[in-house]
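okay, structure incoming, though there's no sequence with it:
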């Protein structure tokens, strides 16, 4: 499953610059809101599901070279965070759904932990 498939299936809003998302193949999914847990547990090139929307999520995403960060529950990052994500090449996506629902849909798409 590629990132375009995920965006389309979960009806996600792309917050950052458009890319050829069909070329990005996420390695797995990870869900947590504690940054230290994400840094130690999220897989390289994975998709991180979180309700956090502050600028530090971009630093963690860049550190782990994530495919995307899905921000849930309608949380919206500030423009500075979106710009930082664009600068770092990190894709930020948005959903009004809860973490649990997004994770279940990722699982159904076949995106499983390594």
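That came through, no problem. On a predicted model such as this, the values are computed, not experimentally measured, just so you know. Residues are numbered from 1 along each chain as shown.

list the contacts of residue 82.
Each residue near residue 82 by Cβ atoms under 8 Å, 6 or more residues apart in numbering is listed here: 15-16, 92. For every residue, glycine as well, the C-beta is placed using N, CA and C.

would you list these in TSV and tack on distance to residue 99, neighbour count and pLDDT?
TSV is the format used below for those (distance: Cβ to Cβ, whole Å; neighbours: other Cβ atoms under 10 Å; pLDDT from 0 to 100):
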residue	distance to residue 99	neighbour count	pLDDT
15	17	19	98
16	20	22	98
92	16	25	98
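
need the residues you listed in a markdown table with secondary structure, can you?
Listed next are these as a markdown table, based on DSSP: H, G, I helix; E, B strand; the rest coil:
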| residue | secondary structure |
| --- | --- |
| 15 | coil |
| 16 | coil |
| 92 | strand |
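
quick one: low-confidence parts of the chain?
114 (pLDDT under 70).

three-state assignment of the residue most central in space within it?
Closest residue to the average C-alpha location of the chain: residue 69 at 1.6 Å, with Cα atoms, centre = their mean. Following three-state DSSP, the label given to residue 69 is strand.

hang on, it packs against residue 89?
No. In this structure, residue 69 is not within contact of residue 89 by Cβ atoms under 8 Å, at 12.0 Å.

now residue 65. Nearest residue, chain neighbours left out?
residue 44 (5.6 Å; Cβ to Cβ, 6 or more residues apart in numbering).

oh, that last question was meant for residue 68, not what I typed.
residue 91 is the one closest to residue 68 (Cβ to Cβ, 6+ apart), at 4.1 Å.

leaving out chain neighbours, which residue sits closest to residue 73?
Residue nearest to residue 73 in three dimensions, not counting chain neighbours: residue 51, with 4.8 Å by Cβ to Cβ, 6+ apart.

that neighbour and residue 58: what is the separation?
15 Å (Cβ to Cβ, to the nearest Å).

who has more neighbours, these two?
Neighbour totals were compared for residue 51 and residue 58, and residue 58 leads with 25 against 14 (other Cβ atoms under 10 Å).

thank you, goodbye.
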